[in-house]
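Colleague: Coordinates for the following, if possible.
(one chain, ligands or ions: 3)
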Amino acid sequence: MILDRWQRPLGHLRISVTDRCNLRCAYCMPEPDYVWLPRTTLLTFEELTRVTRLVSALGVRHVRLTGGEPLLRAQVTDLTRQLSAIGSLDDIAMTTNGVLLAPLAPGLRDAGLRRITVSLDTLRADRFRELTRRDQLDDVLAGIEAASLAFGRIKIDTVLMRGTNDDEIEPLLAYAAQRGAEIRFIEYMDVPGATHWDAAKVVSREEILARVGRAFGPVEALPSDGPAPALRYRLASGQVFGIIASTTTPFCATCDRLRLTADGHLFFCLYATRGLDIRTPLRDGASDEELTALIRTAWQARTDRGAEARLAAPDRGAFVGVDALRKSPQLEMHTRGG
Ligand code: SAM
Ligand code: SF4
Ligand code: SF4
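Modeller: Ligands and ions are numbered 1, 2, ... in the order given. The predicted structure follows:
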């Protein structure tokens, strides 16, 4: 186990397997165009597996495949299989927008994927089109159905934005109950990439709880399970749901997450403006020991508490401007993996 400057162990790795996405969610990719990572810079499956194996020896037990849209990376099922073969991981999970999930779900499970989270912000086709600039709600719902069959209990993540989809808290909770899924409402974050972020559009945990209480009766808070970001609650019906209150109640104090971009940069915080380039030494022939030393030293020097710092910032607006994002696409949420 290795600890950072705040005594936080390294426990989770989130791998962004591609920066490409087939949706354009308003809270993540609101701009008309993007600078993409050059394809030659993308780590191969062997390189991704090697980095994962090295960080697993430093304490990582949980790996999540994300993006961009992870299912756009060709043969991502094969990557899942290669990661499963590492052996020392407790868990391989994926966060996907669900568009391409229906036909792939059984194969992913067979390849060793243990858990799946599907992002779903609305049940209304017109709103889905407006929010994502694509017309694919039916594909996402089919993906959720197929994943529920393949994986049993899945998770659904919903980013709430005031005036956009905050009137769907109740129908989305009912939908999750009907599907046997655990839904988590996420506060809209001012991560780099959220160039249209506005504090007035954040629907806070307090507000979500008040709304749920009015619609469904008393809400019981459940004990937290480790460094997981979601606060969990139970309704009188027994339905469990979560709230990821990263904006109003950051969980930086227990954050054990490392992020790997598709082009081989390690980021120690969602809000970090600089990452550690691991691709260059990897491709220059560095040994396992040399790569491990680089990662260990960087983790041990880690002081990031980005969401807390943002909470304390006066006159909070979008964190990073469009020009900076064009110069450094690794800053984007869809590149470093949400
Ligand atoms: N494309 C996949 C998906 O949407 O599930 C995986 C990548 S996406 C970047 C991962 C998660 O980040 C999604 O659940 C998305 O809702 C969340 N996300 C992106 N931008 C966000 C923002 N500004 N605030 C809160 N969550 C955000
Ligand atoms: Fe939406 Fe995920 Fe794509 Fe971002 S990466 S635009 S959250 S589907
Ligand atoms: Fe971790 Fe950074 Fe998010 Fe805080 S803001 S929880 S340190 S990734």
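
Colleague: Run a quick neighbour tally on the closest residue to ligand 1 within the stretch 201-338 of the chain.
Modeller: Across the stretch 201-338 of the chain, the shortest distance to ligand 1 (C-beta to the nearest ligand atom) belongs to residue 338, at 2.4 Å. In this view, the C-beta of every residue, glycine as well, is placed from N, C-alpha and C. Residue 338 has 24 neighbouring residues, counting by other C-beta atoms under 10 Å.

Colleague: If I look at the closest residue to it other than its chain neighbours, what pLDDT would I see?
Modeller: Using C-beta to C-beta, 6 or more residues apart in numbering and skipping residues adjacent in sequence, the residue nearest residue 338 is residue 66, 6.4 Å away. The model reports residue 66 with a pLDDT of 97.

Colleague: got the CA coordinates for the longest helix seen in the chain in CSV?
Modeller: Looking across the chain with DSSP state H, the single longest helix is helix 137-151. Output of helix 137-151 as CSV, limited to C-alpha atoms (Å, rounded to 0.1, in the frame of the first residue of the first chain):
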residue,chain,number,x,y,z
LEU,A,137,-32.7,6.9,-26.0
ASP,A,138,-34.2,3.6,-27.2
ASP,A,139,-30.7,2.1,-27.7
VAL,A,140,-29.7,3.2,-24.1
LEU,A,141,-32.9,1.6,-22.6
ALA,A,142,-32.3,-1.6,-24.6
GLY,A,143,-28.7,-1.5,-23.2
ILE,A,144,-30.0,-1.2,-19.6
GLU,A,145,-32.3,-4.1,-20.2
ALA,A,146,-29.6,-6.3,-21.7
ALA,A,147,-27.1,-5.4,-18.9
SER,A,148,-29.7,-6.1,-16.2
LEU,A,149,-30.2,-9.6,-17.6
ALA,A,150,-26.4,-10.2,-18.0
PHE,A,151,-25.2,-8.6,-14.7
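
Colleague: Going by contacts, tell me the helices and strands next to that helix.
Modeller: Packing partners of helix 137-151 (3 or more C-beta pairs under 8 Å, 6 or more residues apart in numbering; DSSP states H and E): helix 101-110, strand 115-119, helix 125-132, helix 169-179.

Colleague: buried sites along the shortest one?
Modeller: Using 16 or more other C-beta atoms under 10 Å as the test for burial, strand 115-119 gives 115, 116, 117, 118, 119.

Colleague: Residue 186 in helix, strand or coil?
Modeller: strand (DSSP: H, G, I helix; E, B strand; the rest coil).

Colleague: count of neighbours near it?
Modeller: Applying other C-beta under 10 Å, we find 23 residues neighbouring residue 186.
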